[in-house]
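>>> pasting a predicted model and its sequence here:
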Amino acid sequence: MKKLILTAGLAALLTASAAAAEPATLTDKADKLDEVIFGSVQEGAFLDRVNAMDAAVYGGANGPAGLDNRVSGLYRDVIRDENASQPSLSTRVNTLEYYLTDEIKQDALSSRVEMLENTVFGVSKTGALDVRVNELEKAVYGDTHFELVTVRLPANTVFKISLNEDVSSKSNQEGDVVHFTVQEDVMQDDVLVLPRGAQGSGVVTKVTRPKFFGRSGSLEISFNQVFSIDAEEIPTVLGPEAQEKLKMEAAAVGASAVGALALGPIGLVGGLFIKGKDVEMPAGTELYIQTQQDVETHGMKQAEGAPKAILHKTVKGGEVTAEMTDHVEKSALADEAKAEPAAESETEGAGEAAAPGEDEPSVVIIRHE
């Protein structure tokens, strides 16, 4: 069991969250996609990088030409789209890992899919990630699936976190970023919002080195935000409810002296010319934080019905074009096309229109260009 270590000065931290902006430029989006898909930003010409992403995700080029269209489409499909009603590829892999292991990982998407395939099938496969994830979902979920739903997460929702790296008043400076991992599932109305393994970040706001008269060092950290299973930012803070939870756990494990030091006034611990100690929080240190305000966000909820095949489609200039994965019926495309003004569905190599059966449900992701 990871040791709970309480820290002097943390009780006073109620700093407002610092917003983590979405990637603003084409290069920023491409870099983020590289990190998510491959684990690091790839080298080489920009066009070659985008071609590699398309090949990994779709098995080839998808959507209209133009780097802006291609990168934006990849970002929406792989990471997140604020207006989408279907989970992104990354969210679907997060959910698969949660379903199988109760925890999500932070490795490259490609290696995570390989590990899931080895776990489920005993061998890793090749080909487009979207098709491989769809096959995993069918094998893992059977006659159920997970849907992306909107949910309101209340303010002051308390949950446990652990630090990802060592933090110390001896080595850290103001402005240093602190990363942490959520240590317990956060559910709201049977919707999974924060799975164990979700990531968050904060910043060191003040560092005081030990002084004479036995005054110990102190370290102040603002725990700014955590990211949901759908990669949405949720503002967090070490507020009163989280402090109380921290005190209660300290008392439960017999750490009353440590708890008093961490959450109450810091008194003299030595005589004249005796220097106090640095604050040390090793990686794995567990704390509690809470949501700063009511947040409307997205989460995953299990529902009846077999997993849904994904159809990547581009809507441009009133024309509907499509590239289909396995088991997607022509009628599904036609149904979605009706929702687009003056749009007509066109498919290549598809059979006669037919209502999808229970074993072949289909969902269409539409891009508006």
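Here it is on my side, so go on. Numbering: from 1, shown residues only.

>>> which outside residues touch the host helix or strand of residue 146?
Using DSSP states H and E, residue 146 sits within strand 144-153. Strand 144-153 is contacted from outside by 84-87, 91-92, 95, 99, 137, 186, 188-189, 191, 193, 230, 234, 291, 294-308, using CB atoms under 8 Å, 6 or more residues apart in numbering. (C-beta placed from N, C-alpha, C; glycine too.)

>>> strand partners (parallel or antiparallel) of it?
strand 295-304 (antiparallel) (DSSP bridges).

>>> how far away is residue 110 from residue 93?
10 Å (CB to CB, to the nearest Å).

>>> if you count what's nearby, which of the two comes out ahead?
residue 93 (24 against 16; other CB atoms under 10 Å).

>>> following whichever strand or helix holds residue 226, which helix or strand comes up?
Assignment of secondary structure by DSSP H and E places residue 226 within strand 218-227. The helix or strand immediately downstream of strand 218-227 is strand 233-237, counting by DSSP H and E.

>>> what's the burial count for residue 303?
11.

>>> so the residue lying closest to it once chain neighbours are set aside bridges to which residues?
Among residues not flanking residue 303 along the chain, residue 147 sits closest, at 5.1 Å (CB to CB, 6 or more residues apart in numbering). Note on residue 147: beta-bridge partners by DSSP bridges are residue 301.

>>> again, but for the one 4 residues further on
Note on residue 151: beta-bridge partners by DSSP bridges are residue 297.

>>> tell me who's in contact with residue 188.
For residue 188, the contact set (CB under 8 Å, 6+ apart) comprises 151-154, 157, 299.

>>> if we go to 7 Å?
Counting by CB atoms under 7 Å, 6 or more residues apart in numbering, residue 188 makes contact with 151, 153, 299.

>>> hmm, which of those are the buried ones?
Taking 16 or more other CB atoms under 10 Å as the criterion, what is buried in the contacts of residue 188 is 151, 153, 299.

>>> return the member of those residues nearest to residue 248.
residue 153 (22.3 Å; CB to CB).

>>> what's the spacing between that closest one and residue 137?
In terms of CB to CB, residue 153 sits 25 Å off from residue 137.

>>> please apply the same query to residue 127.
15 Å.

>>> so which of the two has more stuff around it?
residue 137 (23 against 11).

>>> confidence score at the more buried one?
Residue 137 is assigned 93 on the pLDDT scale.

>>> what helix or strand is it on?
helix 129-141.

>>> stretch 228-247: which residues count as buried?
228-239, 241-243, 245-247.

>>> with stretch 90-107 instead?
For stretch 90-107, by 16+ other CB under 10 Å, it's 90-99, 104.

>>> and if you look at stretch 32-49?
Buried residues in stretch 32-49 (16+ other CB under 10 Å): 32-34, 36-38, 42, 49.

>>> next, count neighbours for residue 171.
The number of residues packed near residue 171 is 11, by other CB under 10 Å.

>>> what does it show for phi and psi?
In this entry, residue 171 is assigned phi and psi values of phi -110, psi -20 (degrees, to the nearest 10).

>>> so where is the stretch 51-200 of the chain shaky, pLDDT-wise?
Along the stretch 51-200 of the chain, the model assigns pLDDT under 70 to residues 63, 83-85.

>>> and the residue nearest to residue 303, how far is that from residue 285?
Distance, residue 147 to residue 285, by CB to CB: 36 Å.

>>> of those two, who's got more company?
Taking other CB under 10 Å, residue 147 and residue 285 do not tie; residue 285 has more neighbours (20 against 16).

>>> local confidence estimate at the more buried one?
Reported pLDDT for residue 285: 86.

>>> do the same with residue 17
pLDDT recorded at residue 17 is 29.

>>> next one: the one 10 residues further on
Looking at residue 27, its pLDDT is 93.

>>> tell me the contacts of the closest residue to residue 108 other than its chain neighbours?
Residue nearest to residue 108 in three dimensions, not counting chain neighbours: residue 39, with 3.2 Å by CB to CB, 6+ apart. Counting by CB under 7 Å, 6+ apart, residue 39 touches 107-108, 111.

>>> measure the residue nearest to residue 303 to residue 44 for me?
Note on residue 147: its distance to residue 44, by CB to CB, is 38 Å.

>>> domain parsing for this structure?
10-21+152-300, 308-369 (automatic domain parsing).

>>> weakest of those domains in terms of mean pLDDT?
domain 308-369 (a mean of 41).

>>> all helices for the protein, in order.
Taking DSSP state H, the helices of the chain run over residues 26-38, 46-58, 67-78, 89-101, 109-121, 129-141, 240-252, 256-263, 330-338.

>>> would you reformat the ones you listed as TSV and include distance to residue 169?
Output for the helices of the chain, formatted as TSV (distance: least, CB to CB, whole Å):
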stretch	distance to residue 169
helix 26-38	31
helix 46-58	41
helix 67-78	39
helix 89-101	35
helix 109-121	36
helix 129-141	44
helix 240-252	19
helix 256-263	13
helix 330-338	57
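
>>> of those helices, which is nearest residue 161?
helix 240-252 (9.6 Å).

>>> tilt between that closest one and strand 218-227?
On the basis of axes from the mean of the first three to the mean of the last three CA atoms, to 10 degrees, helix 240-252 is oriented at 120 degrees to strand 218-227.
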